[in-house]
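Peer 1: Sequence plus predicted model, see below.
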Amino acid sequence: MTRIRGRLAPSPTGSQHVGNARTYLLAWLSARSQGGEILLRMEDIDVWRNKPDAAAQALDDLRWLGLDWDGETVVQSTQLPAHEAALAELQRQELVYPCTCSRTDIATAASAPHAEHEGPTYPGTCAHRKVADAATLDKPFSWRFRATHTPAYFDVYQGLMELDLKTLGGDFVVWRSAKVPAYQLAVVVDDAAAGITEVIRGDDLVPSTPRQLLIYEALDLTPPRFAHVPLVVGENGQRLAKRHGDTRLSSLRESGVKAEQLLGLLAWSCGWLPKPEPITLAKLLPLFDWESIPKEPFVLKLEMIEKWTGIVVRGNN
Ligand code: GLU
Ligand code: ZN
């Protein structure tokens, strides 16, 4: 049997929030509770959106939580030759075509498309083109993958997933401009190269998974198993944002919240503790269980943190 290998994949495009912590915790507990490894990849290919210090801060956040990782950190932008080789293979198979349509798609494709970034379904305007047509184009173009079918998959947490890419975005961008891979391609190439066997991430990336499975198929690579977990949201049901108060891990840390206190709150949100009492990772390991995690998003109020820690969180006004 192959050894379980998971990964933590922060993007240095901003600060890590409580929601990221919950997902990292699940990825870490899943791997470690099976005696597996967990790697760390810094997903920095969205060069225009990277924030200075965000990568270092993400590592500090993980260390603070006690979520350790194995081996050297992989920096995604250093894997460009492998991304280029994968694109060349997709081109050889005519599975991609040059698309001159949408400047926004080209601009946003390097980041994982969290729910609010999922664009409208691509109408197939450029699908008649062949790879060789790229040489005749006189404006910038992205490379789009022909989404001819939608692979079904079994989600460890959500069960059988049968989506339809025709209505969920259609043909998708795998390469944004001359030298920049899109998230969908980079994540597959990097996960496969690292021998990742399980990918645990937020459920807003569910529509990305069949796209990635198409790329696994095309490149003849073995896909990992997937689990997509509910997000942490604010009281209005939306992804945590500034208006929900300051839920950045760095701010909680600076306010004096202890990692064990946040872990306890998260463990309670996953149904592993009857109330949010401080707990260590070592004590959480035997409690980890997919079954008890509520299917709904976890609604976080800063008052919960304040109530259970007695600490007034900075920036909550
Ligand atoms: N880097 C992505 C993010 O932070 C995660 C993508 C993934 O797990 O596949 O949103
Ligand atoms: Zn187009």
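Peer 2: Perfect, thanks for sending it. Just so we're clear, the structure is a prediction, and the values are computed from it rather than from any experiment. Numbers count the residues shown, from 1 in each chain. Ligands and ions are numbered 1, 2, ... in the order given.

Peer 1: count of residues packed around the closest residue to ligand 2 within the stretch 151-300 of the chain?
Peer 2: Of all residues in the stretch 151-300 of the chain, the one sitting closest to ligand 2 is Asp171 (8.3 Å; CB to the ion). (C-beta placed from N, C-alpha, C; glycine too.) Asp171: 23 surrounding residues under other CB atoms under 10 Å.

Peer 1: Could you list everything the nearest residue to it once chain neighbours are set aside pairs with in the sheet?
Peer 2: With CB to CB, 6 or more residues apart in numbering as the criterion, Asp171 has its nearest non-adjacent residue at 4.5 Å, and that residue is Arg144. Following DSSP bridges, Arg144 is listed with bridge partners Tyr97, Val173.

Peer 1: To what extent is Arg144 buried, counted in neighbours?
Peer 2: So Arg144, with other CB under 10 Å, has 28 neighbours.

Peer 1: next one: Val206
Peer 2: 18.

Peer 1: And Val187, by the same measure?
Peer 2: Neighbour number of Val187 under other CB under 10 Å is 26.

Peer 1: Pretty sure it sits in a strand.
Peer 2: No: counting by DSSP: H, G, I helix; E, B strand; the rest coil, Val187 falls outside a strand, being helix.

Peer 1: surely it meets Leu213?
Peer 2: No: counting by CB atoms under 8 Å, Leu213 is not a contact partner of Val187; they are 11.7 Å apart.

Peer 1: so how many other residues sit close to Arg3?
Peer 2: Residues lying near Arg3 (other CB under 10 Å) number 11.

Peer 1: show me what contacts it?
Peer 2: 35-37, 197 (CB atoms under 8 Å, 6 or more residues apart in numbering).

Peer 1: For it, what are phi and psi?
Peer 2: Note on Arg3: backbone dihedrals following degrees, to the nearest 10 are phi -70, psi 140.

Peer 1: quick one on the thing from earlier: would you format the contacts of Arg3 as CSV with pLDDT and secondary structure included?
Peer 2: Formatted as CSV, these follow (pLDDT from 0 to 100; DSSP: H, G, I helix; E, B strand; the rest coil):
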residue, pLDDT, secondary structure
Gly35, 96, coil
Gly36, 98, coil
Glu37, 98, strand
Thr197, 98, coil
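
Peer 1: Tell me where the stretch 101-250 of the chain has strands.
Peer 2: 142-145, 153-155, 159-161, 172-177, 180-181, 198-202, 225-229, 232-233 (DSSP state E, counting those that start in this stretch).

Peer 1: returning to what we had before: wait, doesn't the residue nearest to Asp171 sit right on Val173?
Peer 2: Yes: counting by CB under 8 Å, Arg144 does reach Val173; the two are 5.7 Å apart.

Peer 1: tell me, what's touching these two both at once?
Peer 2: Joint contacts of Arg144 and Val173 (CB under 8 Å, 6+ apart) are Cys99.

Peer 1: and the residue nearest to Thr309 when sequence neighbours are not counted, what helix or strand is that in?
Peer 2: Nearest residue to Thr309, sequence neighbours excluded (CB to CB, 6+ apart): Gln261, at 4.8 Å. Per DSSP states H and E, Gln261 falls inside helix 259-269.

Peer 1: By neighbour count, which bits of the next helix or strand after that helix are buried? Give me those.
Peer 2: Following helix 259-269 in sequence order, the next helix or strand is helix 281-284 (DSSP H and E). Buried residues in helix 281-284, counted by 16 or more other CB atoms under 10 Å: 281, 284.

Peer 1: which other helices and strands contact helix 281-284?
Peer 2: The contact analysis (3 or more CB pairs under 8 Å, 6 or more residues apart in numbering; DSSP states H and E) places helix 281-284 against helix 18-33, helix 259-269.

Peer 1: and the residue nearest to Thr309, how many neighbours?
Peer 2: Using other CB under 10 Å, Gln261 has 20 neighbouring residues.

Peer 1: That one against Pro278, yeah?
Peer 2: Yes: using CB under 8 Å, Gln261 is in contact with Pro278, at 5.0 Å.

Peer 1: Just the terminal-to-terminal distance for stretch 177-184.
Peer 2: This stretch, stretch 177-184, spans 14 Å end to end (CA to CA, to the nearest Å).

Peer 1: Check the offset of it from the chain's centre.
Peer 2: 17 Å (CA atoms, centre = their mean, to the nearest Å).

Peer 1: go on, stretch 177-194?
Peer 2: That offset, for stretch 177-194, works out to 13 Å (CA atoms, centre = their mean).

Peer 1: Stretch 77-91 now?
Peer 2: 20 Å.

Peer 1: Could I get the buried residue list for it?
Peer 2: 77, 79, 82-83, 86-87, 90-91.

Peer 1: Same question for stretch 299-307.
Peer 2: 300, 302, 304-306.

Peer 1: check contacts around the residue nearest the centre of the chain.
Peer 2: The C-alpha lying nearest the average C-alpha coordinate of the chain belongs to Arg201 (CA atoms, centre = their mean; 5.2 Å). For Arg201, the contact set (CB under 8 Å, 6+ apart) comprises 9, 23, 27, 226-229.
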